[in-house]
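**Student:** make a model of this:
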Amino acid sequence: MKMRQILHVDMDAFFVSVEEVLDPSLKGKPVIVGGVPDGRGVVAAASYAARKYGIHSAMPIAKAKRLCPHAIFLRSSHRRYREYSAKVFEILRGYSPLVEPISLDEAFIDLTGCEKLHGPVLKAAEKIRNEVREVLGLNASIGIASNKLLAKIASAYCKPNGMLWITSGMGQQFLAPLPIRRIPGIGPKGEAKLQSMGVKSVGDLARLSLEHLEKTFGKWGVSLYRKSRGVSNSPVTSKTDDPRSISRETTFDVDLTDPLFLESRLSYLTEKVSGQLRENKLF
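**Tutor:** Presented below is the predicted three-dimensional model:
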């Protein structure tokens, strides 16, 4: 069986990078996309210069302002981000028909069997990264591996603007020294629970038996057992017909406690969600 060649392409600080392409004077400065500093809302993206102050996605704008008062705050422009995202995916689909979008700014690509078209996988990945930068002015980090799990971990490891290839048979050796939070699906609560068991690295996790993990965590324990060993059989699929989630939200300018007003807004948002569910023939 031919070893798969999977790429995980992850755009670096995508929203901010698009804003920098549109306004080059922003480059190198602490830029925060998500809202104005005197308003409400959360950080949608932060430049690497802003991240040095401890700012990260989903942080309240007010807190980001306290951490970096001199930052440049910009409202999100999702129309522009979607336009640039479409251009990125157009480039990716020029290399393989198997491109699986994960979000606006990341995707898996299966390059298995494409060597005659694009050369060795490392060369092909470099061509993709260079084309995205030259055509769109955007940087991407690319992880390369024999499965989606390892490719995703690799791209996160080499950020920003890096490229990392985990060659066949080297997955467990690469994973072993990494902190457990590097494993997708392990959040703060899971990390705290595992650390209370003396598990700090992926190697520590890999030393636990399947029986012990399953008894302690159920189905999640089985998943942890496989992930800690770099095992993933999930194929790259280009099917994008079904939405991964459907939601609507709003942020108020001030704190509100009027039940009638809140119920009316909830009703409005619920109808918006229901309308999209009906449009997609979902329940």
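
**Student:** quick one: contacts of stretch 109-116?
**Tutor:** 2-7, 9, 92, 95-96, 98-100, 118, 121, 124-125, 128, 235-236 (C-beta atoms under 8 Å, 6 or more residues apart in numbering). In short, each C-beta sits where N, CA and C put it, glycine included.

**Student:** strands of the stretch 101-250 of the chain, start to end?
**Tutor:** 106-110, 140-145, 163-165 (DSSP state E, counting those that start in this stretch).

**Student:** of the contacts of stretch 109-116, buried ones?
**Tutor:** Burial by neighbour count, 16 or more other C-beta atoms under 10 Å: within the contacts of stretch 109-116 this picks out 4-7, 9, 92, 95-96, 98-100, 118, 121, 124-125, 128, 236.

**Student:** I'd like the strands of the stretch 101-250 of the chain laid out as TSV, including distance to residue 27 and mean pLDDT.
**Tutor:** Shown next, in TSV, are the strands of the stretch 101-250 of the chain (distance: least, C-beta to C-beta, whole Å; pLDDT from 0 to 100):
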stretch	distance to residue 27	mean pLDDT
strand 106-110	22	96
strand 140-145	17	97
strand 163-165	21	97
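
**Student:** pull the number of nearby residues for residue 227.
**Tutor:** Using other C-beta atoms under 10 Å, residue 227 is surrounded by 23 other residues.

**Student:** I figured it hits residue 180, correct?
**Tutor:** No. Using C-beta atoms under 8 Å as the test, residue 227 is too far from residue 180 to be in contact (9.9 Å).

**Student:** out of the strands of the stretch 101-250 of the chain, deepest packed?
**Tutor:** Highest mean neighbour count among the strands of the stretch 101-250 of the chain (mean count of other C-beta atoms under 10 Å): strand 140-145, with a mean of 26.

**Student:** who does that one touch, helix- and strand-wise?
**Tutor:** Applying 3 or more C-beta pairs under 8 Å, 6 or more residues apart in numbering; DSSP states H and E, one finds that strand 140-145 contacts strand 6-11, helix 121-136, helix 148-157, strand 163-165.

**Student:** so which helix or strand of the protein has the lowest pLDDT on average?
**Tutor:** helix 259-279 (a mean of 83; mean pLDDT, DSSP states H and E).

**Student:** which residues are contacting that helix?
**Tutor:** Contacts for helix 259-279 (C-beta under 8 Å, 6+ apart): 243, 246, 247, 248, 249, 250, 256, 283.

**Student:** give the contact list for the third one.
**Tutor:** Under the criterion of C-beta under 8 Å, 6+ apart, the neighbours of residue 247 are residue 273.

**Student:** please redo it, this time with the cut-off set to 10 Å
**Tutor:** Residues in contact with residue 247, defined by C-beta atoms under 10 Å, 6 or more residues apart in numbering, are 269, 272, 273, 276.

**Student:** and those, which is closest to residue 197?
**Tutor:** For the contacts of residue 247, the minimum distance to residue 197 (C-beta to C-beta) is 39.3 Å, reached by residue 273.

**Student:** how close does the closest one sit to residue 20?
**Tutor:** Using C-beta to C-beta, to the nearest Å, residue 273 is found at 34 Å from residue 20.

**Student:** between these two, which one's more packed in?
**Tutor:** More crowded of residue 273 and residue 20, by other C-beta under 10 Å: residue 20, with 19 against 13.

**Student:** in three-state terms, label that one for me.
**Tutor:** Three-state call for residue 20 (DSSP: H, G, I helix; E, B strand; the rest coil): helix.

**Student:** and residue 57, how many neighbours?
**Tutor:** Count around residue 57 with other C-beta under 10 Å applied: 14.
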